[in-house]
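In: structure for the following, please:
(one chain, ligands or ions: 2)
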Amino acid sequence: MQTTSKLTSSQTTIFTEMSALAIQHKALNLGQGFPDYDPPSALLDLVKDAIDDHKHQYAPMAGVLALREIIAQKVLHAYGQYVNPSTEITITAGATQAIFTAIAAFIYQGDEVIIFEPAYDSYRPSIELAGGKAVVYTMEAPDFKINWTLLAAMISPKTKMIIINTPHNPTGTILKADDLLQLSRIVKDTDIIILSDEVYEHLVYDGQLHESVLKYPELYQQSISVFSFGKTYHCTGWKVGYCIAPEYLMNEIRKVHQWNVFSVNSFVQHALAAFMADASQYLLLNQFYQQKRDFFLEILKTTRLRPLKTEGTFFQLCDYSNISDLDDVAFAKEMTVNHGVACIPISVFYDDHRQDKLIRFCFAKTEGLLTAAGEKLKQIR
Ligand code: PMP
Ligand code: GLN
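Out: Ligands and ions are numbered 1, 2, ... in the order given. Next up, the predicted model:
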């Protein structure tokens, strides 16, 4: 029997590839984005309590109501937007599933979806599986700014969706209020849906604010925003996240969600609902990660790598052009195999695989690991 692949160019993700290489060569893994520390112990206790409390059977399709209610409270407090927990929030199996489900719900054969490159790797295959076409706006290093006039010129009658991501993986840049206002003006009076990937909402530095689509009431009316508990509570392996959208969009998302996963891990949802009551846990995250960013920046000063500006996320881009002429994939592999520190090359997030000689480090690591990595990075001359 013969089959035809629906994703002919799909490969193992760069994150999996670099983590496997790190394990194989016993390298310190600053590649794939995950913390090397545990979730808060109070959250772990609540998970154990939920297990002891027999929360083992199916959760409601849209998610445990108590969790949706506390998310709605948080959104009102943080972004000033009232969202109805019954109709506008759905708990998903991580942000990846929310993104996939939102795209599957709205993208028809031939529809165009604008993405900004470098782009998180799940967007394009999700669009293509739905029969859509990714239309790329290229953000240029080193500041990765968006010229909204150029973006507006890319919109065609086939444009169905625009995917934004702030704070941005892999660049560590953030969208500013003016970006959101310009986007809002561009899509006003159109049927274009904004899919807003905000998984790093709590990781914004230097006193700047996260600009969520939820802060812009008109924009919210045509937006789906996506979040992940993995980033917020150091539990990437639990794969629990959520999406928020006005009811007319959420109705369609839930139709796909119902046949995709139906519902998400129940005891973790109960634990998260109880844990989120303590807002300080996520309000202090900016400070927690800014300290890590600054600690890592100090370490980088002892190396020949040149850091770019990180305004958000737990990623740090570095320019290595004064160290090596290798392309970034080869350089990242050499770093892992020969120098004992794994990182992620940036060209893989561009369709044209442009060579800006940039690599990404994840600094969601203990100071011990960052220091040990620094010792190795120092040796690369
Ligand atoms: N979007 C971005 C920008 C991400 O960096 C990630 C994961 N690191 C995701 C989505 C997926 O999140 P999750 O692990 O909750 O599926
Ligand atoms: N989002 C994580 C990163 O950027 C990795 C997620 C994954 O491995 N798919 O590193």
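In: so who does F106 touch?
Out: F106 makes contact with K160, M161, I193, L249, E252, according to Cβ atoms under 8 Å, 6 or more residues apart in numbering. Heads up, the C-betas are built off the backbone N, CA and C, glycines and all.
In: let's see that with 6 Å instead.
Out: Listed by Cβ atoms under 6 Å, 6 or more residues apart in numbering, the contact set of F106 reads I193.
In: give me the pLDDT value at it.
Out: Each residue has a pLDDT score; the one for F106 is 98.
In: what residues of the lowest-mean-pLDDT helix or strand in the chain count as buried?
Out: Taking mean pLDDT, DSSP states H and E as the measure, the chain has helix 280-283 as its least confident helix or strand, at a mean of 89. Using 16 or more other Cβ atoms under 10 Å as the test for burial, helix 280-283 gives Q281, Y282.
In: burial measure for the residue in the stretch 201-350 of the chain that ligand 1 sits nearest to, as a count.
Out: With Cβ to the nearest ligand atom as the measure, S228 is the residue of the stretch 201-350 of the chain nearest to ligand 1, at 3.2 Å. Neighbour count of S228, defined by other Cβ atoms under 10 Å: 24.
In: ok, now E140?
Out: Tallying neighbours of E140 according to other Cβ under 10 Å, which is how burial is gauged here, yields 10.
In: can I assume it sits in a strand?
Out: No. Residue assignment for E140, taken from DSSP: H, G, I helix; E, B strand; the rest coil, gives coil, which places it outside any strand.
In: that older thread, is the helix or strand that the least confident helix or strand of the chain is followed by in proximity to ligand 1?
Out: Elements were assigned by DSSP states H and E; along the chain past helix 280-283, the next helix or strand is helix 285-300. No. Using Cβ under 6 Å from any ligand atom, no contact is recorded between helix 285-300 and ligand 1, whose separation bottoms out at 13.9 Å.
In: what are the contacting residues of helix 285-300?
Out: Residues lying outside helix 285-300 but in contact with it, judged by Cβ under 6 Å, 6+ apart, are H202, L203, V204, Y205, P307, T310, F314, Q316, F363, E367, L370, G374.
In: give the buried residues for it.
Out: For helix 285-300, burial by neighbour count (16+ other Cβ under 10 Å) applies to L285, N286, Y289, Q290, K292, R293, F296, I299, L300.
In: please state the offset of it from the chain centre?
Out: Remark: helix 285-300 is offset 19 Å from the chain centroid, using Cα atoms, centre = their mean, to the nearest Å.
In: kindly report the same for stretch 75-94.
Out: For stretch 75-94 - counting by Cα atoms, centre = their mean - the centre lies 18 Å from the chain centre.
In: could you dump that stretch to PDB, C-alpha only?
Out: C-alpha atoms of stretch 75-94 as PDB (Å, rounded to 0.1, in the frame of the first residue of the first chain):
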ATOM      1  CA  VAL A  75      -8.100  38.600  32.500                       C
ATOM      2  CA  LEU A  76     -10.300  41.300  34.000                       C
ATOM      3  CA  HIS A  77      -7.700  42.300  36.500                       C
ATOM      4  CA  ALA A  78      -4.700  42.200  34.100                       C
ATOM      5  CA  TYR A  79      -6.200  43.400  30.800                       C
ATOM      6  CA  GLY A  80      -9.500  45.100  31.800                       C
ATOM      7  CA  GLN A  81     -11.600  42.700  29.600                       C
ATOM      8  CA  TYR A  82     -14.600  40.800  30.900                       C
ATOM      9  CA  VAL A  83     -14.700  37.400  29.400                       C
ATOM     10  CA  ASN A  84     -17.500  35.000  30.100                       C
ATOM     11  CA  PRO A  85     -16.000  31.800  31.600                       C
ATOM     12  CA  SER A  86     -18.900  29.700  30.200                       C
ATOM     13  CA  THR A  87     -18.700  30.800  26.700                       C
ATOM     14  CA  GLU A  88     -15.300  32.600  26.000                       C
ATOM     15  CA  ILE A  89     -12.600  30.400  27.600                       C
ATOM     16  CA  THR A  90     -11.600  26.800  26.700                       C
ATOM     17  CA  ILE A  91      -8.900  24.800  28.500                       C
ATOM     18  CA  THR A  92      -6.700  23.000  26.000                       C
ATOM     19  CA  ALA A  93      -3.900  20.400  25.900                       C
ATOM     20  CA  GLY A  94      -1.200  23.200  25.800                       C
END
